[in-house]
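Chemist: Give me coordinates for this.
(chains A and B)
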Amino acid sequence: MALESRAVSRVSDVTVDAEGVRARSRQEAVLDVFFDGRRILSFWLHRDGVRDGRGWLLAWPRTLHEFLDGTAEVRVVVTRTGQEVFRREVGFGSARGRVAVVNRNGQPISLDKYLKRVVAFENRSAEELQPLLDAIDEVIAALKDVGTEAFLAWGTLLGAHREGRVIGNDADADVAYVSRYTHPVDVIRESFRMQRQLVEHGYHITRYSALAFKVDVDEGDGVVRGLDVFGGFFMDGNLHLMGEIREPFEESWIHPLGTTTLEGRTFPAPADPDRVLEAMYGASWRVPDPAFHFAPPATTVRRLNGWFRGLRVGRAKWDRVYSRKQRPLPDEPSALAAWAAEREPSAATYVDLGCGRGADVLWMAARGVPSVGLDFQPRSYAEAAARGGQDAEFWRCNLLELRDVLPAGAELARRAGPRLLVARHLVDTLGPDARQHLWRLSRMILAGAGGGRLYLEFLARFGEDGYAKELHVKRRRTRALVAELEQAGATVVHRETIRVSDSPKSSKVGRMVVEWRREDG
Amino acid sequence: MAEQVRRNPVREAISLRRRIARLEAEVQECRALNIRLAELTDIVTELLLPVAARDEEKLAELLEKYRQSV
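Modeler: Numbering: from 1, shown residues only, chains lettered A, B, ... in the order given. Predicted coordinates:
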């Protein structure tokens, strides 16, 4: 969907109050909203608003609510023409001061095209931009070192090619490369190799998909900036580029790379930036649209999803959980860990699958059992890992990635047996794919000399005690889990259901003890 | 059965719609194999040599290095 480039939208009857922005326009229009002279958000009136009488209403997005207390001079401007269609002092809430839309560090923030809070470039000085440009240079050079020719992409390319500068409403920098390989398997393997080589060069990498990742660049003084690297490739005459493009394309429009200028510095660009930008933003890419949304055809989304995505399912929820302030790390073990330790006094290695904050790992290690905690989110166990101890290790392990699962299984199978595996409230957060990998991992670890057992605990019945919400888990049916485990070659040697409190409406957890016996095949 | 469906266009449309949905899901399942194949190939090519050489120490070292580079 793109705005008609010649259509001039006539926007009228604009009002702003504590509820939001109201306006009338027969044609779609992009509007910028300013508070005290600073742009706070931009939106498409029809796409993002709701019908309100004869006009449209954009209710203030939730991400803005906490700031709306006080007074601001609100201006509404039609992005395309710069025409001011509203300017007035507007009062919000009961506070007497000016509305301050700033983050915890006092930096001015605005909302991006998806209404997420960002520190946009327009709120940063020219000096503040230098570290970003240095970081782009560094990442492109690092990629070149590992044999990949990267170029500016997405909003960064758009800004450079259209205006020679970063786009004011943008907040990060993107680079991309187009592989010489032409099959999804080969481009994924290449991406894995690039990751490994960048890690060897000392970079920290976070993978988004099998064809895109983030490189953290240390800007000094503890400031770490993440730059996104998007992979692409040609197949069947189409350029595929993460995360939105599949278009008929000539290779000569990408390679050999040319250059472009960003904030006075030279960076690599695709051979024909016009064509690339048209593939990225449509034919109207020359017209600034701070509220642009990508809308690739379903066939493109299905292909890119099917080939490359699915490695981060459920991640956002746990990122939110662990970005909050945490309670003190408990010194006492969980009831499950204590019970399992009592039943397995000869355990020589303890493995906590989905260890979360890692309190049980520290507790077992303190009892003299070498212990390893596995979790996909390193932030979860950061405090426990810092407290550490010789016998407590923490590994990042994403159950959706075989490159994590199989080597972890192989390494842990070599640790001293018998091994005690504990997965507390893990199966009740995982989907079926991740559970299959969990069974495979457990089976591998327990196949090592000395064997061992897996202890599971999961929500078996919802109560009215908020237990499920507190632990962010879903109910699992015991019978279905048993069937799944048996299918995976396991034997459930013990199972029970326990109330989590004395309340009559208590939630119940299921517990299982699981073995993989040699004769189970 | 096929005869009946053919005679009733509404039923045929519904049946085809369901069949397309199933086929789409199956195509996605096949596409997802690309990641699995790439992961397995990566692991095998990185770790198989020391296994073949039965070099125990080298294997332990490589396993740890591989895990930490993912």
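Chemist: how much space between the residue in the stretch 401-521 of chain A positioned nearest to chain B and residue A:441?
Modeler: Nearest to chain B, among the residues of the stretch 401-521 of chain A, is residue A:402, at 4.0 Å (Cβ to the nearest Cβ). The way it works is simple: take the backbone N, C-alpha and C, and place the C-beta from them, glycine included. Look at residue A:402 and residue A:441: by Cβ to Cβ, to the nearest Å, they are 10 Å apart.
Chemist: Of the two, give the one with the bigger neighbour count.
Modeler: residue A:441 (27 against 22; other Cβ atoms under 10 Å in any protein chain shown).
Chemist: Quick check, residue B:50 in contact with residue B:44.
Modeler: No: using Cβ atoms under 8 Å, residue B:50 is not in contact with residue B:44, being 11.9 Å away.
Chemist: More neighbours: which of these two?
Modeler: residue B:50 (17 against 12).
Chemist: Checking the more buried one next. Helix, strand or coil?
Modeler: helix (DSSP: H, G, I helix; E, B strand; the rest coil).
Chemist: tell me the contacts of it?
Modeler: B:58-59, B:62 (Cβ atoms under 8 Å, 6 or more residues apart in numbering or on different chains).
Chemist: Name the SS class of the residue of chain B found nearest chain A, please.
Modeler: The nearest approach of chain B to chain A comes at residue B:31, 2.8 Å away (Cβ to the nearest Cβ). On the three-state scheme (three-state DSSP), residue B:31 is labelled helix.
Chemist: How about residue A:423?
Modeler: strand.
Chemist: doesn't residue A:457 make contact with it?
Modeler: Yes: the pair residue A:423 / residue A:457 is scored as a contact, 7.5 Å apart, by Cβ under 8 Å.
Chemist: thinking again about what came up before, of the contacts of residue B:50 - the most surrounded one?
Modeler: residue B:59 (19 neighbours).
Chemist: quick one: that one is in a helix?
Modeler: Yes: assessed with three-state DSSP, residue B:59 lies in a helix.
Chemist: nearest spatial neighbour of it, skipping sequence neighbours?
Modeler: residue B:50 (4.3 Å; Cβ to Cβ, 6 or more residues apart in numbering or on different chains).
Chemist: interface residues of chain B facing chain A?
Modeler: Residues of chain B lying near chain A by Cβ under 8 Å from any Cβ of the partner chain: B:24, B:27-28, B:30-32, B:34-43, B:47, B:60, B:63-64, B:66-70.
Chemist: Mind giving me the ChimeraX command for buried ones among those residues?
Modeler: Only the buried entries of the residues of chain B next to chain A go into this ChimeraX selection, using 16 or more other Cβ atoms under 10 Å in any protein chain shown:
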select /B:31,32,34,35,38,39,42,43,47,63,66,67,69,70
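Chemist: thought residue A:241 was touching residue A:178?
Modeler: Yes: between residue A:241 and residue A:178 a contact is recorded at 7.0 Å, counting by Cβ under 8 Å.
Chemist: Now the common contact residues for the two.
Modeler: Joint contacts of residue A:241 and residue A:178 (Cβ under 8 Å, 6+ apart) are residue A:232.
Chemist: Next up, the contacts around residue 36.
Modeler: You didn't pick a chain, so chain A it is. By Cβ under 8 Å, 6+ apart, the neighbours of residue A:36 are A:72-73, A:98-99.
Chemist: The intended chain is chain B.
Modeler: residue A:402.
Chemist: And the helices in chain B?
Modeler: Along chain B, the segments classed as helices by DSSP state H run B:2-7, B:9-53, B:56-68.
Chemist: Now the weakest link among the ones you listed, please, by mean pLDDT.
Modeler: If you rank the helices of chain B by mean pLDDT, helix B:2-7 sits at the bottom with a mean of 61.
Chemist: returning to that earlier point: could you dump the helices of chain B to CSV with distance to residue A:431?
Modeler: As requested, these are exported to CSV (distance: least, Cβ to Cβ, whole Å):
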stretch, distance to residue A:431
helix B:2-7, 35
helix B:9-53, 13
helix B:56-68, 23
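Chemist: between those, which gets nearest to residue A:119?
Modeler: Closest to residue A:119 of the helices of chain B, according to Cβ to Cβ: helix B:56-68, at 32.1 Å.
Chemist: hey, what's residue A:269 bridged with?
Modeler: residue A:258 (DSSP bridges).
Chemist: For residue A:508, which non-adjacent residue is closest in space?
Modeler: Nearest to residue A:508 is residue A:461, by Cβ to Cβ, 6+ apart, at 3.9 Å.
Chemist: coming back round to it: as JSON lines, the contacts of residue B:50 with distance to residue A:94 would be great.
Modeler: As requested, those are exported to JSON lines (distance: Cβ to Cβ, whole Å):
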{"residue": "B:58", "distance to residue A:94": "69"}
{"residue": "B:59", "distance to residue A:94": "68"}
{"residue": "B:62", "distance to residue A:94": "64"}
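Chemist: Thought residue A:435 was touching residue A:313, still the case?
Modeler: No: if you go by Cβ under 8 Å, residue A:313 and residue A:435 don't touch, sitting 11.8 Å apart.
Chemist: for residue A:415, what are its contacts?
Modeler: Here residue A:415 is in contact with A:348-349, A:370, A:372, A:448 (Cβ under 8 Å, 6+ apart).
Chemist: Check those against residue A:200 and report the nearest one.
Modeler: residue A:372 (23.8 Å).
Chemist: what pairs with the helix or strand hosting the closest one, and is each one parallel or antiparallel?
Modeler: Taking DSSP states H and E as the criterion, residue A:372 maps to strand A:371-375. Sheet pairing here is set by DSSP bridges, and for strand A:371-375 it gives strand A:349-353 (parallel), strand A:392-396 (parallel).
Chemist: hey, which of those strands is tucked in deepest?
Modeler: Neighbour counts (mean count of other Cβ atoms under 10 Å in any protein chain shown) averaged over each of those peak at strand A:349-353, with a mean of 27.
Chemist: Go through the helix or strand following it and flag the buried ones.
Modeler: Next in sequence after strand A:349-353, counting helices and strands by DSSP H and E, comes helix A:359-366. Under the neighbour-count criterion of 16+ other Cβ under 10 Å, helix A:359-366 has A:359-365 buried.
Chemist: which strand of chain A spans the most residues?
Modeler: strand A:224-235 (DSSP state E).
Chemist: hmm, that strand touching chain B?
Modeler: No: judged by Cβ under 8 Å from any Cβ, strand A:224-235 stays clear of chain B, getting no closer than 11.5 Å.
Chemist: Give the other helices and strands that that strand contacts.
Modeler: helix A:126-145, strand A:174-178, helix A:184-200, strand A:204-209, strand A:212-218, strand A:238-241 (3 or more Cβ pairs under 8 Å, 6 or more residues apart in numbering or on different chains; DSSP states H and E).
Chemist: Provide a list of residues in contact with the closest residue to residue A:44 other than its chain neighbours.
Modeler: Spatial nearest neighbour of residue A:44, excluding adjacent residues (Cβ to Cβ, 6+ apart): residue A:291 at 5.2 Å. Shown in contact with residue A:291 (Cβ under 8 Å, 6+ apart): A:30, A:42-44, A:48, A:79, A:113.
Chemist: now for the chain, which residue lies nearest the mean position of the chain?
Modeler: No chain specified, so I'll use chain A. residue A:316 (5.7 Å; Cα atoms, centre = their mean).
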